[in-house]
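> Requesting a structural model of the entry that follows:
(one chain, ligands or ions: 1)
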Amino acid sequence: MPKRRRDPSMALPSEITPREIYLGRRRLLGALAGLAIGGTSLASSPVPARLTYRKNAALSTTEPPNSYEDITTYNNFYEFGTGKADPSRLSGSFRPRPWTVAITGEAEQTGTYTLEDLLKPHPLEERIYRLRCVEAWSMVIPWVGFPLGDLVKRCRPTSRAKYVAFRTVERPSEMPGQRFPVLDWPYVEGLRIDEATHPLTILAVGLYGEVLPNQNGAPLRLVVPWKYGFKSIKSIVEIRFTERQPPTSWNRSAPHEYGFYANVNPEVDHPRWSQARERRIGAGVFSARQPTLPFNGYADQVAALYRGLDLRKNY
Ligand code: MTE
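Reported below is the predicted structural model:
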């Protein structure tokens, strides 16, 4: 992305702390700070909220997940700064609860819903997905969430609804990155409605079995595993059904570099770097880059959505 400070693929070698030790440290710090997670203060309950979910092995990769530390300290969340460590360092004042999401536009069931109301009817699943960032690195993340398609169905979109648009919260007092015009805030994204209702597309509320940390998009974020990571918008406050293709933040910012579709495609290079290979975060600086797979390895499930579409033009 244009504001990079260094070669994005040159990740620091991962210092993998065993997850339990890392969590123990986090709990202690949280308890000291009296942080609230899942509505309960860690000062009174030293254990972060565990989620109840079933594992969806059929839709999970068998590749080993990245460490909790990698996933929560190497982030893109420009609302908290453009450096990879900024979101974990600077998101401590962000308050993801209470939270409401506005469902608007071309649907019968519109309105403003609390996070709890939105989640109630949807059993949670764990799905281990690859995340391929446009910056040519990747991770494997055990998300906890539910299919966006189930929520879309409940909203009963009208026949005019062709797209689903998403908007991130705008709170410069809690999100220091929003005090600078790095992007045109608020961050917005969009999907075609058939992409939004594809069974692989989820709204995530957790990872590694626990509520999402702020830096990963608490309390609710999109995950679309066959698209570059920037489509997976974080901290969502609005879901809008639209007739026209909605604007997206990175396309607005640099249209020649980031298209609406953003499907992972090793054959279409970014204008400033190749997309043919990727570097797995945590694998160490000297390990070989691995080939990037069409649609991030999900071609069997999603290629049919794009039959007849020129994927070089619709990048
Ligand atoms: N959502 C918002 N609101 N702001 C952002 O800057 N960055 C995107 C995406 N969602 C971003 C965002 C990018 S570029 C990536 S690669 C993924 O979030 C990274 O998600 P992760 O940090 O949870 O791995």
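> Up against the ligand, what does the chain have?
75-79, 131, 133, 168, 187, 216-217, 229-230, 232-235 (CB under 6 Å from any ligand atom). Quick note: C-beta positions are derived from backbone N, CA and C, even for glycine.
> Can you flag the buried ones in the residues you listed?
Buried subset of those (neighbour count, 16 or more other CB atoms under 10 Å): 75-79, 131, 133, 168, 187, 216-217, 229-230, 232-235.
> In strands, which of those residues fall?
Among those, the ones falling in strands (DSSP state E) are Leu131, Thr168.
> Restricted to helices, list the buried ones among the residues of the chain next to the ligand.
Among those, no member falls in helices (DSSP state H).
> Only the buried residues of stretch 306-314, if you could.
By 16+ other CB under 10 Å, the buried positions in stretch 306-314 come out as Tyr306, Leu311.
> from what I can see Pro213 touches Thr72, true?
Yes: counting by CB atoms under 8 Å, Pro213 sits close enough to Thr72 to count as a contact (5.1 Å).
> out of those two, which sits in the busier spot?
Set Pro213 next to Thr72 and count neighbours by other CB atoms under 10 Å: Pro213 wins out with 24 against 20.
> From Phe77, how far off is whichever residue of the stretch 101-250 of the chain sits closest to the ligand?
Closest contact between the stretch 101-250 of the chain and the ligand, by CB to the nearest ligand atom, is at Gly229 (2.6 Å). Separation of Gly229 from Phe77 (CB to CB, to the nearest Å): 11 Å.
> quick one on the thing from earlier: anything in contact with each of Pro213 and Thr72?
The contact sets of Pro213 and Thr72 overlap at Ser88, Leu207 (CB atoms under 8 Å, 6 or more residues apart in numbering).
> tell me which element Ile71 falls in.
In the assignment (DSSP states H and E), Ile71 maps to helix 68-73.
> quick one: average pLDDT of that helix?
Averaging pLDDT along helix 68-73 gives 98.
> where along the stretch 201-315 of the chain do the helices fall?
Secondary structure of the stretch 201-315 of the chain (DSSP state H, counting those that start in this stretch): helices located at 249-253, 299-302.
> Arrange those helices in JSON lines, one row each, with mean pLDDT and mean neighbour count as further columns.
Output for the helices of the stretch 201-315 of the chain, formatted as JSON lines (pLDDT from 0 to 100; neighbours: other CB atoms under 10 Å):
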{"stretch": "helix 249-253", "mean pLDDT": "98", "mean neighbour count": "18"}
{"stretch": "helix 299-302", "mean pLDDT": "98", "mean neighbour count": "15"}
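> Any chance of the ones you listed in JSON lines with distance to Arg127 as columns?
Output for the helices of the stretch 201-315 of the chain, formatted as JSON lines (distance: least, CB to CB, whole Å):
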{"stretch": "helix 249-253", "distance to Arg127": "25"}
{"stretch": "helix 299-302", "distance to Arg127": "12"}
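> surely Glu278 meets Glu135?
No: judged on CB under 8 Å, Glu278 makes no contact with Glu135 at a distance of 9.2 Å.
> In terms of pLDDT, where does Val285 sit?
The score at Val285 is 79. That number is its pLDDT.
> Around it, how many other residues sit close by?
11.
> How much space separates it from Trp137?
12 Å.
> quick revisit: and the helices of the stretch 201-315 of the chain: which comes nearest Asp269?
helix 249-253 (16.2 Å; CB to CB).
> Can you tell me which helices and strands the one helix or strand Arg154 maps to packs against?
Using DSSP H and E, Arg154 sits in helix 148-155. Other helices and strands packing on helix 148-155, by 3 or more CB pairs under 8 Å, 6 or more residues apart in numbering; DSSP states H and E, are helix 193-196, strand 202-207, strand 236-242.
> Let's have the ones you listed in JSON lines, adding mean pLDDT.
As requested, the helices and strands packed on helix 148-155 are arranged in JSON lines below (pLDDT from 0 to 100):
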{"stretch": "helix 193-196", "mean pLDDT": "98"}
{"stretch": "strand 202-207", "mean pLDDT": "98"}
{"stretch": "strand 236-242", "mean pLDDT": "98"}
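> Tell me which of those sits nearest to Pro172.
strand 236-242 (14.3 Å).
> so how far is the closest one off the chain centroid?
15 Å (CA atoms, centre = their mean, to the nearest Å).
> What of stretch 308-315?
Remark: stretch 308-315 is offset 24 Å from the chain centroid, using CA atoms, centre = their mean.
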